[in-house]
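Give me a model of this one.
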Amino acid sequence: MLSERLTIVIKLGTSSIVDENTHEPILSILTLIVETAAKLHKDGHNVVLVSSGAVGVGLRRMDVDERPKYLPRIQALAAVGQCRLMSLWDGLFSHLRLPVAQILLTRNDIADRTQYINAQNTFDQLFDMGVIPIVNENDTLAVSEIKFGDNDTLSAITAAMVKADYLFLMTDVDCLYTSNPRHNPDAKPIEVVSDISSLEADVSSAGSSLGTGGMSTKIVAAKLATSAGVTTVITKSSKPGNVLEIVKYLQQTQRGTPGQSSTVEGTPSESQSPLSPPLHTRFLPSDTPIQSRSFWLLHGLKPHGSLYIDHGAYSALLNKASLLPAGVVGVDGQFGQQEAVRLVVVERLSPDSLNGDFLHHGQEPKEVGRALVNYGSAEIARIKGHRSTHIQSLLGYADSEYVALRDNISFFRSEDSPRQ
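Numbers count the residues shown, from 1 in each chain. So this is what the prediction gives:
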């Protein structure tokens with residue numbers, strides 16, 4: 001057993017484990033994944049699988065030729081397929097005497113901070129019990145308003161939730177390339193990425209007819225995970241053993257290893273090393289990762305509207321002040337108390353403007369963060385631009401002098417991208 005216990009999340013897309021034409025589970029790949037997870041577990045690591053495939057397996061079970069467009073039909077197929085898929089995982093892991101647990105999530109399940117912490121505690125207990133959690137989006141219930149969008153995003157949020165060391169995004173290519181290697185023989189592999197914002201790679205690969213993701217969604221997932229301090233790896237799904245080799249390589253080289261300060265296209269020093277791992281792309285984690293609560297505010301919640309604030313309010317928030325109604329210029333959308341909203345910085349037409357007018361030209365309004373608000377949209381629309389002392393007379397009550405408390409506000413970093 002290795003001295004250091006790692007937490008490793010492995011994300012598997014539908015096309016990795018379900019045949020695109022026959023919709024049959026690819027048992028050879030599933031078996032290799034189980035063997036890899038078992039070896040990591042034996043080495044003392046915590047392992048989480050984020051597994052797509054419920055709809056694909058449901059298609060086969062019900063003899064449906066292609067993925068339907070009607071949402072209730074998709075959800076019904078997911079319900080059928082999820083049962084079969086978990087039965088497959090449980091059967092394969094049981095041969096190695098490893099228990100598994102099913103965790104189905106939607107954004108609603110983690111929208112409440114207490115529920116988010118409960119989910120974290122459940123993962124911790126499963127790890128302590130030697131159980132391998134298998135996570136999937138709850139497609140039976142999820143609609144667009146509460147969906148993560150794809151399992152790449154779900155895997156990144158899961159990795160942040162469990163404070164993972166590594167997130168492996170399994171795909172149909174070995175790594176990212178500077179261009180499509182099928183069309184360009186001069187395409188070069190990109191082995192290490194430290195600055196995703198400056199990444200120049202071919203991400204045109206779309207998802208399969210069964211799946212919903214593609215290479216671009218994996219880049220977004222890498223942004224989310226690395227911002228939370230999780231090393232993120234893209235590697236070939238048909239070779240699950242790569243995960244074990246890469247983990248061992250990184251463990252053996254982390255004390256005084258190759259470090260790059262920029263995107264590296266082909267690192268000769270690593271490729272010539274006797275410890276050289278299988279080809280992969282590794283996204284380095286942020287040196288100053290977002291804390292758990294901030295990550296939850298920014299990426300775990302679905303915003304229900306927007307608050308437009310002026311630069312004075314934005315500066316005050318950056319200096320740890322809470323958001324006063326005087327700094328709010330406009331309100332967009334309908335939302336209630338303690339719901340998440342976008343924070344957008346705009347120019348006020350005049351310092352004394354109380355009617356919410358702001359510039360639509362010049363510098364574009366910029367979304368800077370998210371907040372949980374103390375008042376609903378209708379109330380904020382009435383108190384915006386006013387002093388806190390006026391809230392009582394404007395609303396007839398004053399639950400708080402602040403539109404949002406500073407503890408309930410988080411800001412994106414320059415390298416982060418809003419997801420919704």
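
For the rest of this, base every contact and every neighbour count on C-alpha atoms.
Fine.

Give me the distance from the top helix by length along the chain to the chain's centre.
Among the segments of the chain that qualify as a helix by DSSP state H, the longest is helix 71-94. Using CA atoms, centre = their mean, to the nearest Å, the mean C-alpha position of helix 71-94 is found 22 Å from that of the whole chain.

Kindly report the same for stretch 163-179.
Chain-centre distance of stretch 163-179: 14 Å, with CA atoms, centre = their mean.

average pLDDT across that stretch?
Stretch 163-179 shows an average pLDDT of 90 in the prediction.

what does stretch 134-143 give?
73.

Could you name the helices and strands sitting against the longest helix of the chain?
Contacts defined by 3 or more CA pairs under 8 Å, 6 or more residues apart in numbering; DSSP states H and E place helix 71-94 against helix 27-42, helix 54-61, strand 100-105.

please redo it, this time with the cut-off set to 6 Å
With contacts taken as 3 or more CA pairs under 6 Å, 6 or more residues apart in numbering; DSSP states H and E, helix 71-94 sits against helix 54-61.

Show me which residues of the helix it packs on are buried.
Buried positions in helix 54-61, judged by neighbour count with 16 or more other CA atoms under 10 Å: Ala54, Val55, Gly56, Val57, Gly58, Leu59, Arg60.

Test my guess that the last one contacts Thr22.
When you say that, I think you mean Arg60. No. The criterion here is CA atoms under 6 Å, and Arg60 misses it with Thr22 at 7.3 Å.

isn't there a strand covering Asp186?
No. Counting by DSSP: H, G, I helix; E, B strand; the rest coil, Asp186 falls outside a strand, being coil.

per-residue pLDDT, it?
pLDDT, Asp186: 85.

May I see the buried residues of the longest helix of the chain?
74-82, 84-86, 88-90, 92-93.

Could you tell me which ranges of the stretch 1-150 of the chain sit under the pLDDT cut-off?
Along the stretch 1-150 of the chain, the parts satisfying pLDDT under 70 run over 1-3, 139-149.

let's see 90
1-4, 13-26, 51-61, 63-79, 81-85, 104-116, 136-150 (pLDDT under 90).

any chance you could read off phi and psi for Arg406?
Dihedral angles of Arg406 (phi, psi; degrees, to the nearest 10) stand at phi -60, psi -30.

Likewise for the one 5 residues further on?
As for Phe411, its main-chain torsions (degrees, to the nearest 10) stand at phi -110, psi 140.

Who is the closest residue to it other than its chain neighbours paired with across the strands?
Nearest residue to Phe411 in three dimensions, chain neighbours excluded: Gly369, at 4.0 Å (CA to CA, 6 or more residues apart in numbering). Per DSSP bridges, the residues bridged to Gly369 are Leu343, Phe411.

count of residues packed around Gly369?
When counting by other CA atoms under 10 Å, one arrives at 20 neighbours for Gly369.

What helix or strand is the residue lying closest to Arg382 once chain neighbours are set aside located in?
Nearest non-adjacent residue to Arg382, counting by CA to CA, 6+ apart: Leu394, 7.0 Å away. Using DSSP states H and E, Leu394 sits in helix 391-395.

Show me which residues of that helix are buried.
Going by neighbour count (16+ other CA under 10 Å), the buried part of helix 391-395 is Ile391.

hmm, back to that, got the CA coordinates for the longest helix of the chain in CSV?
Only the C-alpha atoms of helix 71-94 are listed here, as CSV (Å, rounded to 0.1, in the frame of the first residue of the first chain):
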residue,chain,number,x,y,z
LEU,A,71,-37.7,14.5,-22.9
PRO,A,72,-40.1,12.2,-21.0
ARG,A,73,-39.2,9.3,-23.3
ILE,A,74,-35.4,10.0,-22.7
GLN,A,75,-36.1,10.1,-18.9
ALA,A,76,-38.0,6.9,-19.1
LEU,A,77,-35.2,5.2,-21.0
ALA,A,78,-32.8,6.5,-18.4
ALA,A,79,-34.8,5.0,-15.6
VAL,A,80,-34.7,1.6,-17.4
GLY,A,81,-31.0,1.9,-18.3
GLN,A,82,-29.8,3.1,-14.9
CYS,A,83,-31.1,-0.1,-13.3
ARG,A,84,-29.3,-2.2,-15.8
LEU,A,85,-26.1,-0.2,-15.7
MET,A,86,-25.8,-0.3,-11.9
SER,A,87,-26.5,-4.1,-12.0
LEU,A,88,-23.5,-4.4,-14.4
TRP,A,89,-21.2,-2.3,-12.3
ASP,A,90,-22.2,-4.2,-9.1
GLY,A,91,-21.8,-7.6,-10.7
LEU,A,92,-18.3,-6.8,-12.1
PHE,A,93,-17.1,-5.3,-8.8
SER,A,94,-18.6,-8.1,-6.8
